[in-house]
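[1] Coordinates for the following, if possible.
(one chain, ligands or ions: 1)
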Amino acid sequence: MKALGPIPAGFAALDGELAIGGRKVSVLVKEAGDTPLFVYSRDMIDARLAALRGAMPERLNIHYAMKANPFASLLEHMAELVDGLDIASGGELRQARDAGFLPREISFAGPGKRDAEIFAAVKAGVTLNLESANEAQRALEAGTALGIAPRLAIRVNPDFELRGSGMKMGGGAKPFGIDKAQVPELAKKIIAAGAQWRGLHIYTGSQALDADAVIETQANVLDLAAQLSEEIGTPLPHLNMGGGFGIPYFDKDTPLDIAKVGAALKERFAALPSILQETDFAIELGRYLVGEAGVYLTRIVDRKVSHGVTYLVTDGGLHHQLAASGNFGTVVRRNYPAAIATRFGAEPEEEVNIVGCLCTPLDRLADQAMMPRAEVGDIVAIFCAGAYGASASPASFLGQGPAKEMLV
Ligand SMILES: Cc1ncc(COP(=O)(O)O)c(C=O)c1O
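    Have a look, this model is predicted:
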């Protein structure tokens with residue numbers, strides 16, 4: 001038997017079924033038309049934001065990194081809740097505008113920005129988090145061509161990383177950001193060229209569950225921002241401190257202690273150096289805001305036994321939930337939280353392998369999991385599906401097509 005990850009708090013059983021937003025999964029699937037289906041809970045996102053705001057210093061802005069989940073209804077909802085949005089492409093810029101985000105709320109990070117994307121961002125008045133000197137030059141040229149002073153910030157590649165993070169995005173040679181030693185000169189050049197100086201972006205990693213590591217990194221980020229601002233010679237207008245807050249996906253993962261992180265940040269904010277006194281601070285979070293609020297529902301279409309192993313074969317799989325299959329940023333595959341949603345809360349009775357419908361051994365949703373006995377027609381729930389699910393999975397693989405999505 002292999003353990004499953006912890007089911008996020010906030011899910012209840014109703015008449016023996018998993019309920020999301022107070023409604024049974026069978027009803028939600030009927031409303032959507034079919035499985036596979038991603039369901040995102042508005043209430044859980046709201047609760048997450050409220051708890052986070054309660055824990056963090058009032059002065060800290062919370063931005064949403066829409067790469068985690070760009071589903072249109074969810075994005076529209078986020079536009080009401082957060083103070084800003086991090087985008088990573090011209091495509092995300094269009095989705096963000098459609099969802100109602102204002103250009104001044106949006107910042108655009110990510111290596112490899114094309115000319116057309118830079119042009120569109122400058123024209124709209126979006127802040128570009130510059131990833132290279134070349135990008136800075138192209139952004140300034142776009143501003144000249146458009147007769148607009150572009151809103152420019154520099155993404156810094158710091159010398160440190162976020163300890164224990166699932167994905168490290170700072171420290172050493174990286175395609176992200178500009179090495180800290182090169183930042184002051186470039187910032188001075190941008191300011192002298194007449195751009196609107198929007199400060200620094202320091203993003204060091206993702207999926208951290210250790211509060212002490214986050215606290216240490218935030219302290220390093222503040223120190224580095226102060227040091228660079230001194231060298232640039234101007235107070236810092238804006239500091240995007242990154243994020244990296246993780247969620248528990250696997251057995252023995254424990255939630256990030258945001259009360260501890262918030263308390264430490266309050267202390268730091270109470271003793272800021274003068275060059276950061278007027279700075280507008282933000283963190284940008286993706287999975288922490290939406291990851292646990294999403295459930296992937298897929299129906300069992302076959303039940304079979306091979307060499308004594310029971311397989312529950314579903315109509316979904318890695319083409320929608322690549323991360324749960326263990327093929328998106330993990331070295332060793334472990335089980336996400338999962339349940340038989342139409343027998344939610346029933347006693348586990350048998351060990352099963354839950355697989356997808358793709359003809360590849362990679363398509364595994366739960367390995368050697370203890371579950372109540374399930375039959376063809378039952379619905380499986382894979383939890384922690386609100387981030388890096390639908391949009392981060394190869395939906396066209398084997399001609400399967402995308403899953404349905406709904407916000408409830
Ligand atoms: C620049 C940047 N911001 C935000 C994020 C969002 O990360 P997460 O969803 O883990 O919060 C990432 C993730 O890779 C990123 O690269």
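[2] Could you find the closest non-adjacent residue to the residue of the stretch 1-150 of the chain found nearest the ligand?
    Closest to the ligand within the stretch 1-150 of the chain is Ala65: 3.5 Å, counting by CB to the nearest ligand atom. Heads up, the C-betas are built off the backbone N, CA and C, glycines and all. Spatial nearest neighbour of Ala65, chain neighbours left out: Gly286 (3.7 Å); criterion: CB to CB, 6 or more residues apart in numbering.
[3] so who does that neighbour touch?
    Gly286 sits next to 64-69, 86, 206, 243, 387-388 when contact means CB atoms under 8 Å, 6 or more residues apart in numbering.
[4] swap in Pro184?
    Pro184 neighbours (CB under 8 Å, 6+ apart): 228, 231-232.
[5] What is the nearest of these to Val331?
    Of all those, Val331 sits closest to Leu228, with 34.0 Å by CB to CB.
[6] Would the helix or strand containing Ile215 count as contacting the ligand?
    Under the criterion of DSSP states H and E, Ile215 resides in helix 211-232. No. Helix 211-232 is not in contact with the ligand by CB under 6 Å from any ligand atom; minimum separation 11.6 Å.
[7] Just after that helix, pick out the following helix or strand.
    Helices and strands here follow DSSP H and E; after helix 211-232, the next one along the chain is strand 238-243.
[8] and that following strand, how far out from the chain's middle?
    Relative to its parent chain, strand 238-243 has a centroid offset of 15 Å by CA atoms, centre = their mean, to the nearest Å.
[9] touching the ligand at all, the helix or strand following that strand?
    Later in the chain than strand 238-243, the nearest helix or strand by DSSP H and E is helix 258-269. No. Judged by CB under 6 Å from any ligand atom, helix 258-269 makes no contact with the ligand; its nearest approach is 13.2 Å.
[10] tilt between helix 258-269 and helix 211-232?
    With axes from the mean of the first three to the mean of the last three CA atoms, to 10 degrees as the basis, helix 258-269 and helix 211-232 are set at 30 degrees to each other.
[11] ok, residues contacting helix 258-269?
    Helix 258-269 is contacted by residues 51-52, 55-57, 59-60, 211-212, 214-215, 218-219, 222, 245, 281 when judged by CB under 8 Å, 6+ apart.
[12] Let's see if you can find the most crowded of these.
    Neighbour counts for the contacts of helix 258-269, by other CB atoms under 10 Å, peak at Val214, which reaches 30 neighbours.
[13] Close to the ligand: what parts of the stretch 1-150 of the chain are there?
    Residues of the stretch 1-150 of the chain found near the ligand (CB under 6 Å from any ligand atom) are 65, 68, 86, 109.
[14] OK, contacts around the residue lying closest to Ala109 once chain neighbours are set aside?
    Using CB to CB, 6+ apart and skipping residues adjacent in sequence, the residue nearest Ala109 is Asn129, 3.9 Å away. With contact taken as CB under 8 Å, 6+ apart, Asn129 is in contact with 107-110, 153-155, 201, 240.
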